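Student: Sequence first, then the predicted structure:
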Amino acid sequence: MARVIVDVMLKPEILDPQGQAIARALPRLGFSGVGAVRQGKRFELELEGPADEAALAEVRKMAETLLANTVIEDYTVRVTE
Amino acid sequence: MSAARVGVVTFPGTLDDQDAARAVHLVGAQAVPLWHADHDLKGVDAVFLPGGFSYGDYLRCGAISRFAPIMDELIPAAGAGLPVIGTCNGFQILCEAHLLPGALTRNASLHYVCRDQRVRIEQTATAWTNAFDQGQEIVLPVKHGEGRYVASDETLAALEAGGHVVVRYVGGNPNGSLNGIAGIRNEAGNVVGLMPHPEHAVEELVGAPSTDGLGFFTSILKNLVDA
């Protein structure tokens, strides 16, 4: 069984007010040195079989179809242990 | 002639379907309830996708609804010219279904906004706004947390150049939408989506800020009678 991670982020040109709010909160909490924050989503998919090329192609299709709205979001797919 | 039949779709989590049905009824048309899990548009003349929080807005607003069985019927029908309007969550669903370009994202303020909003009708050449005057300013309620319209620069330029911006916010932009866009249409003009709620501005008795929303419903009747 393999675990595949799909990270979904707003495209860089899309305003992320949630990330901005987090960035503004950090100094108030005493954290310094963070210039900007972008917030995204992480999906963990437990595959029933191996994470071979066919399975990853299927995951990419899932990301395109449902997990990400590619009009406003980018996604990346990677395999973990 | 028999009354025009306007389908109103109910998804799990839809809130405004009864109000939409009432607005349809008020202009003399027949509201036909459509259920998300059915593969059946019941032969309606037009479809209204109401607001709410369909499927709990899980994943993204409209992202799950877009794959409901009824949408398998609605997407090709809209492509073939069936008049379809989506308000609020309905607009989000139309964008997720790629029946309209762009997307609706979290309000720039991060606050849920509920207020009476002045908007300008920028385009009357649609199935849903032909009863208005070009440039007419009306007041409709807005109530949403994710209504900031975004699209790529090219899409935005194409919307503006093609006259596909149907409704624009005036007197303040409630959510940070690009170009103050409150509603848009597709190329053919049969599909319209907007964040404000025409169906909540049809009767003075309930404290609505206006009855300006009726124009969307009389438009569709006019359209169907003329057809």
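Tutor: Structure's in. What do you need? Everything numeric here is computed off the predicted structure, so don't read it as measured data.

Student: ok, how many other residues are close to the closest residue to chain A within chain B?
Tutor: Nearest to chain A in chain B, going by CB to the nearest CB, is residue B:103, at a distance of 4.5 Å. Where C-beta positions appear, they are placed from N, C-alpha and C, glycine not excepted. Per other CB atoms under 10 Å in any protein chain shown, the neighbour tally for residue B:103 reads 23.

Student: dump the residue contacts of it.
Tutor: The contact partners of residue B:103, taken as CB atoms under 8 Å, 6 or more residues apart in numbering or on different chains, are A:69, A:71, A:72, B:95, B:96, B:149, B:150, B:151.

Student: For residue A:73, see how far away it is.
Tutor: 9 Å (CB to CB, to the nearest Å).

Student: Over to residue B:148?
Tutor: From residue B:148 over to residue A:73 (counting by CB to CB), the distance is 14 Å.

Student: Looking at these two, which one has more neighbours?
Tutor: Neighbour count, other CB under 10 Å: between residue B:148 and residue A:73, residue B:148 has more, with 24 against 19.

Student: What residues are bridge-paired with that one?
Tutor: When bridges are called by DSSP bridges, residue B:148 pairs up with residue B:105.

Student: Give me the neighbour count for residue B:3.
Tutor: For residue B:3, using other CB under 10 Å, the count is 15.

Student: give me every residue that touches the residue positioned nearest the centre of chain A.
Tutor: What sits nearest the mean C-alpha location of chain A, by CA atoms, centre = their mean, is residue A:7, with 2.2 Å. Contact analysis of residue A:7 by CB under 8 Å, 6+ apart lists A:40, A:41, A:42, A:43, A:75, A:76, A:78.

Student: and which of those is nearest residue B:199?
Tutor: residue A:41 (31.7 Å; CB to CB).

Student: can you tell me which residues contact the closest one?
Tutor: By CB under 8 Å, 6+ apart, the residues touching residue A:41 are A:7, A:8, A:9, A:67.

Student: Quick check: the second one vs residue A:72, distance?
Tutor: By that I understand residue A:8. 10 Å.

Student: tell me which parts of chain A are close to chain B?
Tutor: A:10, A:13, A:14, A:15, A:17, A:18, A:21, A:66, A:67, A:69, A:71, A:72 (CB under 8 Å from any CB of the partner chain).

Student: ok, now with 10 Å
Tutor: A:8, A:10-11, A:13-18, A:20-21, A:39, A:41, A:43, A:65-73 (CB under 10 Å from any CB of the partner chain).

Student: Among those residues, the buried ones, what's the PyMOL command?
Tutor: Buried subset of these, written as a PyMOL selection, criterion 16 or more other CB atoms under 10 Å in any protein chain shown:
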select buried, chain A and resi 8+10+14+16+17+18+20+43+66+67+68+69+71+72+73
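
Student: Sitting in helices, which of the residues of chain A next to chain B do you find?
Tutor: Among the residues of chain A next to chain B, the ones falling in helices (DSSP state H) are A:17, A:18, A:20, A:21.

Student: Any chance of TSV for those residues, columns distance to residue B:203?
Tutor: Below are those laid out as TSV (distance: CB to CB, whole Å):
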residue	distance to residue B:203
A:17	35
A:18	37
A:20	40
A:21	38
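
Student: Report the two of those residues separated the most.
Tutor: Every pair of these checked by CB to CB; the farthest is A:18 and A:20, at 7.2 Å.

Student: joint contacts of the two?
Tutor: A:37, A:38, A:39, B:110 (CB atoms under 10 Å, 6 or more residues apart in numbering or on different chains).

Student: from these, which two are the most distant?
Tutor: Using CB to CB, those span at most 14.8 Å, a distance reached by A:38 and B:110.

Student: Is residue A:64 in contact with residue A:74, as I believe?
Tutor: No - between residue A:64 and residue A:74 there is no contact under CB atoms under 10 Å: 11.1 Å.

Student: The two: who's more crowded?
Tutor: More crowded of residue A:64 and residue A:74, by other CB under 10 Å: residue A:74, with 15 against 12.

Student: Identify the bridge partners of that one.
Tutor: Under the criterion used here (DSSP bridges), residue A:74 is bridged to residue A:9.
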